[in-house]
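Visitor: structural data only, the sequence is not supplied:
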């Protein structure tokens, strides 16, 4: 295990994860170990990962308890147990920018303990004007609202609330252990990225919102559910699909 590990939770992402693997292979900094956490996939996700010709070590970890937070936590703790001191996470339907790893490493080496990056639509999915500009703008406004929510302004927090995306963050192993890490919960039960942020805010003021840490995120949920339902989903799961199976848009 190298000192920096990239964690990618994956559930039935056989059709998507190849794009993520290619983006990671194209990084300007490939001095990291990739940890893919197979969250009980029933498709060819694992076979696709095993077949990739990567310029870095690739480890596959199995986690059968369903949930993106659960799978991410398993991957983070696996990496820490095997010597990683810096951790970064993206998802199996995302495309990190070519300097993503280098930028995450620079922020962590400069003293940040949690780095919250910027999410933009995947260019290869040909986003419309609304998908490229309007929806992200609404998300940013919602994040400003989150900053002033009573639950996010408790005296115990050592730094203000910032917008965080689970598919684009970096954290030190020390802080991950201190704060308790990512919530082990099903995707429909909560926003594990916000939980991680608030856990971290109780332990450090070295949390940065990094606009230069960029990941292209898939539009598939937005396109399947529409803007209103997607926003309500991200807003404390105020809308959920009728069945658990529909939570995972593929």
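Guide: Looks like it arrived, so ask away. All figures in this text were calculated on a predicted structure; none of them were measured in a lab.
Visitor: next, residue 25: phi, psi?
Guide: The phi/psi pair for residue 25 (degrees, to the nearest 10) reads phi -70, psi -20.
Visitor: local confidence estimate at it?
Guide: Residue 25 is assigned a predicted lDDT (pLDDT) of 98.
Visitor: skipping adjacent residues, who's closest to it in space?
Guide: Once flanking residues are discounted, residue 25 sits nearest to residue 54: 5.4 Å by CB to CB, 6 or more residues apart in numbering. The C-beta positions use only the backbone N, C-alpha and C, and glycine is treated the same way.
Visitor: for the one you found, the count of nearby residues, please.
Guide: Using other CB atoms under 10 Å, residue 54 has 13 neighbouring residues.
Visitor: does it touch residue 32 like I think?
Guide: No - counting by CB atoms under 8 Å, residue 54 does not reach residue 32; the two are 10.2 Å apart.
Visitor: OK, contacts around the spatially most central residue of the chain?
Guide: Nearest to the geometric centre of the chain sits residue 167, at 2.0 Å (CA atoms, centre = their mean). Residues near residue 167 by CB atoms under 8 Å, 6 or more residues apart in numbering: 89, 90, 91, 94, 119, 215, 217.
Visitor: which residues of the protein fall in strands?
Guide: Remark: strands assigned in the chain by DSSP state E are 4-10, 33-38, 58-62, 86-89, 95-96, 114-121, 169-172, 207-217.
Visitor: just send the ones you listed back as TSV, with mean pLDDT, distance to residue 235 and mean neighbour count too.
Guide: TSV is the format used below for the strands of the chain (pLDDT from 0 to 100; distance: least, CB to CB, whole Å; neighbours: other CB atoms under 10 Å):
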stretch	mean pLDDT	distance to residue 235	mean neighbour count
strand 4-10	98	22	28
strand 33-38	98	27	24
strand 58-62	98	31	15
strand 86-89	98	22	26
strand 95-96	98	26	24
strand 114-121	96	16	22
strand 169-172	98	20	26
strand 207-217	97	17	20
